[in-house]
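Novice: got a predicted model here, sequence first, then my questions.
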Amino acid sequence: MSENKNSTKTGWNLEHSYLQLPGAFYTRLNPTPVATPKLVLFNDHLALSLGLDADLLNGEEGAAIFSGNRLPEGSLPLAQAYAGHQFGHFTMLGDGGERFDLQLKGSGQTPYSRRGDGRAVLGPMLREYIISEAMHALGIPTTRSLAVVTTGEPVFRETPLPGAILTRVAASHIRVGTFEFAARFRPTEELKTLADYTIQRHFPGVKTKENPYLGLFQEVIKRQADLIARWQHVGFIHGVMNTDNMALSGETIDYGPCAFMNTYSPDTVFSSIDHQGRYAYGNQPHMGGWNLTRFAETLLPLLHPEMPQAVNMAQEALAEYTSLYQRYWLDGMVAKLGLFAREKDDESLVNELLNIMHKYRADFTNTFLALTFEETRDTPMSDAKEFKQWLDKWQGRRERQKQSIGDSQKLMRDKNPAIIPRNHQVEAALEAAEKKNDFSPLHRLLAVLENPYAHTPEQAEYAAPPEPTDRPYRTYCGT
């Protein structure tokens, strides 16, 4: 087993600003070396955008670095402390860890591993790579995946599984859970230091406001409202919207039990551990508000020295979340219907379509695709009277706007993806990689997901929903 050594000449330009925070927020810690690392996925485009030497990293050098066996020159690795609410219960947590954070996910135990082994298995790491890169291509704020390395060591779950490490790139790993940790376990001065650091890193514009901490809260509210609306526009279900998985930067983070909805139903749940539907598709906007309420509670000592005034300020700011989310959601939905400006009845038009889709069990993505190309005969509600009436209403609404039907169709092509990471396609690619060491299906899937709005013939075979089955699709946490 190799020891951690330093690597040079690969384009790293590392800073360690998180180390300026009080020591309780992290532990200086090197990754645990692994036996025989092998690079199985590498994101050349992302590496180049980060200023890294993609050619040098796409091989043994990258395998050594992205496994933690070798450290980039000048690196000071740390494990980040945080906490959070998991399915409504407060839990102590932690993980390893313009400016970006690089995190090795699955690189070994830390003081915050909760007695776990700190390791990850190959399938979920490949899955995060696929989904996070697909989300990026869909235009949804997200953490990115730079590389996946196999470790050459088994990871023991119910059975021995191949170990792997994912290199995640994020605007930062500061989460609501980071603030919950500070508010519960650290003095107010350290909470303030964390808030100041977050403002400096993500929201420097609020520093000049009369109350920068209120400004911080308001900016986080805006980003979360926008992010969750974007999830809803493509049928993405996060699956584990715990506060430790809510990044203050407004990026989607942690792709454990996530999946994309096929048949439209607000009750859709994929997570194996979400028995009550807490994080169902239709409940995601509400849970975003619940998480923001937990964030507000951490900020109260900073908002005002008098608690009643602090609570009032937080409540007034939080009251904006619902209207912001609704505006962002409706703006995106009317654009998916080729509408450029809002009219007062547009929300009813959208909801009427969704109700029809729900009634006839229509595929979410493919229904909007059929509308885009005016090929609705293949939808399950094509012969339904209420759908024909809705089509007439929609066509009349499009004809009333000053933009042409051609402009409307182009807008719809730009807003309605031809392809999403269909769950059965993802599972097929993962099975080939895990069981047969065949990564070609995975690479083909990644290629067609790179430009979901291209509407190319190559994407058509990946656009079909799965065959009907009585077995519900289930996803699982990956670490």
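Specialist: Thanks, I have the structure now.
Novice: what lies in contact with stretch 273-287?
Specialist: The contact list for stretch 273-287 (C-beta atoms under 8 Å, 6 or more residues apart in numbering) reads 87-88, 228-229, 231-232, 235, 237-241, 257, 261, 265-269, 271, 322, 325, 329, 476-477. Every C-beta, even on glycine, is put in place using the N, C-alpha and C of the backbone.
Novice: for the helix or strand where Phe387 lies, buried residues please.
Specialist: Using DSSP states H and E, the element containing Phe387 is helix 385-400. By neighbour count with 16 or more other C-beta atoms under 10 Å, helix 385-400 contains the buried residues Phe387, Trp390, Trp394, Arg397, Arg398.
Novice: the helix or strand following it to helix 385-400, inter-axis angle?
Specialist: The helix or strand immediately downstream of helix 385-400 is helix 405-415, counting by DSSP H and E. Using axes from the mean of the first three to the mean of the last three C-alpha atoms, to 10 degrees, the direction of helix 405-415 lies 110 degrees away from that of helix 385-400.
Novice: for helix 405-415, packing partners?
Specialist: helix 320-336, helix 364-372, helix 385-400 (3 or more C-beta pairs under 8 Å, 6 or more residues apart in numbering; DSSP states H and E).
Novice: burial of Pro22, as a residue count?
Specialist: By other C-beta atoms under 10 Å, 14 other residues sit near Pro22.
Novice: spell out the secondary structure type for the closest residue to it other than its chain neighbours.
Specialist: Spatial nearest neighbour of Pro22, chain neighbours left out: Glu190 (4.8 Å); criterion: C-beta to C-beta, 6 or more residues apart in numbering. When classified by DSSP: H, G, I helix; E, B strand; the rest coil, Glu190 comes out as helix.
Novice: try the one 5 residues further on
Specialist: Look at Ala195: counting by three-state DSSP, its state is helix.
Novice: and it, how many residues sit next to it?
Specialist: 20.
Novice: re earlier: for the buried residues of helix 385-400, which one is nearest Ile253?
Specialist: Trp394 (36.1 Å; C-beta to C-beta).
Novice: tell me the spacing between the closest one and Asn262.
Specialist: 23 Å (C-beta to C-beta, to the nearest Å).
Novice: before we move on, what about Asp346?
Specialist: Counting by C-beta to C-beta, the gap from Asp346 to Asn262 is 26 Å.
Novice: with Glu375 instead?
Specialist: Distance, Glu375 to Asn262, using C-beta to C-beta: 19 Å.
Novice: of the two, which one has the most company?
Specialist: More crowded of Glu375 and Asn262, by other C-beta under 10 Å: Asn262, with 22 against 12.
Novice: pLDDT at the more buried one, what is it?
Specialist: Note for Asn262: predicted pLDDT of 95.
Novice: where exactly do the strands run in the chain?
Specialist: Counting by DSSP state E, residue ranges of the strands within the chain are 5-7, 26-28, 38-42, 70-72, 78-86, 89-96, 101-105, 120-121, 144-156, 160-170, 236-237, 259-260.
Novice: off-centre distance for the third one?
Specialist: In this case it means strand 38-42. Distance of strand 38-42 from the chain centroid (C-alpha atoms, centre = their mean, to the nearest Å) equals 22 Å.
Novice: for the second one, same thing?
Specialist: Here strand 26-28 shows a centroid-to-chain-centroid distance of 25 Å under the convention C-alpha atoms, centre = their mean.
Novice: same for that strand, what does it pack against?
Specialist: By 3+ C-beta pairs under 8 Å, 6+ apart, strand 26-28 packs against strand 78-86.
Novice: do the third one as well
Specialist: Taking 3+ C-beta pairs under 8 Å, 6+ apart as contact, the helices and strands that strand 38-42 lies on are helix 60-66, helix 122-137, strand 144-156.
Novice: burial measure for the residue nearest to Pro22, as a count.
Specialist: The burial count for Glu190: 17, using other C-beta under 10 Å.
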